[in-house]
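**Q** Next one to model:
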Amino acid sequence: MERLLEKPRGKGERGSIMALSAIAMLSILLAAGLGVDISRFYLAKNELQNAADAAALAAASALNSSSSGISNARDRAIQEMNKYNFNNATVSIPDVNVRYGINLGATNLDFTTAYNTPGNIRFVEVTTPQVAIPVSFAAMVLGGSRNLSATATAGLSVPLNSFCNFIPLSVIDYDIPMVPGQTYTIRADTGGSPSPGNYQILAVAGPGGVDVGFGIGAGVDACASPGETYYVDTKPGLTAGKVRTGLNARFDDYGGSQLDPLNEPPDPNIKEGITFDQYLAARDPLNALYHGSTVYTGASHPGIDDRRVVLIPIVKLAQYDAGRGTVQFDRFGAFFLKTKAAGGNGGEMEAEYIDNRFAVGKGRYIPGGAVGNPLIATPVLYK
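**A** Sure, this is the predicted structure:
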């Protein structure tokens, strides 16, 4: 019987194993590189989404039922977008990347349409510029780079029924419908108090004059809902000095005040005697009155839009009685401060009632709470 001899392993087999090992190693390296690149894409996408979210919220905060609100929404979106690092380059957003809508599901209106019909615009959609993210390890699969962008939609909230950051003055409701564009007394002078000793000042920020000054200059650090169960103390006396310093800080006048322009900044436009419509025109670069001397005087310190727009409680006249007492908030309204407070006792102080639907102060909607005010909202990120 012939002896069967084992065939020795040849060099060819060893070579094939080495080739397979090399291919396997290359596949592992490619998979690892692909994972690294995809992780980079996720991080970049997250940063872009943060930029889009911030830009949409900033844009929504500018909506105020006027044409200037549309142009300011676009400008605020660009300003907020550029706070993010787009390869250390300033970006511009084409008008097509900022869309407007009456309804959340239809943010398809272009700038011109929204600008010409601003009354019911409540939502803004912002899309970031496309950013090329380089591919480091998986270029043979994904190419040299991938273009990414993000989209976010923000808008005005449902009507609020809990209001914060209002000022500790009050408007008297004489059971006569309030008229937009009309001025109303927000602090009476010595001859026009609603009851002896009361001049429409509230102690909601605290019992002292300093509390009133800070409350007017910065807004009250408290929230309230209109209704039968919410009462606040009145602050008897004119408290002229602190009322003046609190109010005038919004006009860039900090004389004799403990307020400062860093923490309680002025409005950018401190022109006195203008109407709210003129105030809006003065900040709209597409309006012929934009920054015109008849409607605009720039503050010397960096300002914040709408510091002259304040949220004020509205109180029924019957709520006031002599001396320190309590009053009930009937509702809240948005008012435009037209002038600074004068020297001495400050005299009667007035503000213009406005009915534009926009974000003023701070607040929220409490389910089951009081009926909301359809004119006052807060910016909300929807998607």
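
**Q** Can you check what pLDDT the model gives R357?
**A** With respect to pLDDT, R357 scores 81.

**Q** what sits against it?
**A** Residues counted as contacts of R357 (Cβ atoms under 8 Å, 6 or more residues apart in numbering) are 63-65, 122, 156, 374-377. Where you see a C-beta, it was placed from the backbone N, CA and C, and this is true even at glycine.

**Q** Repeat the analysis, applying 6 Å as the threshold.
**A** 65, 375 (Cβ atoms under 6 Å, 6 or more residues apart in numbering).

**Q** For V126, see how far away it is.
**A** The gap separating R357 from V126 is 20 Å, by Cβ to Cβ, to the nearest Å.

**Q** ditto for N103
**A** Distance, N103 to V126, using Cβ to Cβ: 17 Å.

**Q** which residues of the stretch 151-300 of the chain fall in strands?
**A** 151-156, 162-164, 171-173, 183-187, 223-224, 231-233 (DSSP state E, counting those that start in this stretch).

**Q** Now tabulate these in CSV and tack on mean pLDDT, mean neighbour count and distance to I274.
**A** Output for those, formatted as CSV (pLDDT from 0 to 100; neighbours: other Cβ atoms under 10 Å; distance: least, Cβ to Cβ, whole Å):
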stretch, mean pLDDT, mean neighbour count, distance to I274
strand 151-156, 95, 24, 25
strand 162-164, 90, 21, 26
strand 171-173, 93, 19, 20
strand 183-187, 94, 20, 12
strand 223-224, 88, 18, 30
strand 231-233, 85, 16, 31
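
**Q** related to what we said a few turns ago, of N103 and V126, which one has the most company?
**A** V126 (31 against 11; other Cβ atoms under 10 Å).

**Q** picking that back up, and the strands of the stretch 151-300 of the chain as JSON lines, adding distance to F251?
**A** Below are the strands of the stretch 151-300 of the chain laid out as JSON lines (distance: least, Cβ to Cβ, whole Å):
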{"stretch": "strand 151-156", "distance to F251": "27"}
{"stretch": "strand 162-164", "distance to F251": "23"}
{"stretch": "strand 171-173", "distance to F251": "20"}
{"stretch": "strand 183-187", "distance to F251": "15"}
{"stretch": "strand 223-224", "distance to F251": "26"}
{"stretch": "strand 231-233", "distance to F251": "26"}
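
**Q** Figure out which of those strands is closest to A281.
**A** strand 183-187 (18.5 Å; Cβ to Cβ).

**Q** what's that closest one in contact with?
**A** By Cβ under 6 Å, 6+ apart, strand 183-187 touches 169, 171, 199-200, 312, 348-353.

**Q** Secondary structure of V310: a strand, I assume?
**A** Yes. Under DSSP: H, G, I helix; E, B strand; the rest coil, V310 sits within a strand.

**Q** any idea how far A222 is from F329?
**A** 12 Å.

**Q** Look at these two and report which has more neighbours.
**A** F329 (23 against 14).

**Q** Report the contact partners of the spatially closest residue to F166 that is not a sequence neighbour.
**A** Excluding the flanking residues, the one nearest F166 by Cβ to Cβ, 6 or more residues apart in numbering is L311, at 4.1 Å. By Cβ under 6 Å, 6+ apart, L311 lies in contact with 163, 166, 332, 360-361.

**Q** Then T275?
**A** Neighbours of T275 in contact, by Cβ under 6 Å, 6+ apart: none.

**Q** And for the one 5 residues further on?
**A** Taking Cβ under 6 Å, 6+ apart as the definition of contact, the neighbours of L280 are 66, 68.

**Q** quick one: pLDDT of G33?
**A** 60.

**Q** Likewise for G143?
**A** At G143, pLDDT is 66.

**Q** before we move on, what about I201?
**A** Looking at I201, its pLDDT reads 93.

**Q** show me the contacts for it.
**A** Taking Cβ under 6 Å, 6+ apart, one finds 235, 239 in contact with I201.

**Q** Quickly list what it is bridged to.
**A** L169 (DSSP bridges).

**Q** just the contacts of strand 183-187 now: which is nearest A54?
**A** Nearest member of the contacts of strand 183-187 to A54, counting by Cβ to Cβ, is I312, at 29.8 Å.

**Q** and that closest one, how many neighbours?
**A** Counted with other Cβ under 10 Å, I312 comes out at 24.

**Q** so who does it touch?
**A** I312 touches 169, 171, 186, 333, 335, counting by Cβ under 6 Å, 6+ apart.

**Q** nearest to A288, of those residues?
**A** F335 (26.5 Å).

**Q** And the closest one, how close does it get to P129?
**A** Distance from F335 to P129, by Cβ to Cβ: 39 Å.

**Q** which one of those two has more residues nearby?
**A** Between F335 and P129, F335 has the larger neighbour count (other Cβ under 10 Å), namely 26 against 16.

**Q** So that one sits against A351, correct?
**A** Yes. Counting by Cβ atoms under 6 Å, F335 touches A351, with 3.7 Å between them.

**Q** just the strands in the stretch 1-150 of the chain please.
**A** 98-101, 123-127, 131-134, 145-148.

**Q** so which of these comes closest to T113?
**A** Short answer: strand 98-101, nearest of the strands of the stretch 1-150 of the chain by Cβ to Cβ, at 7.6 Å.
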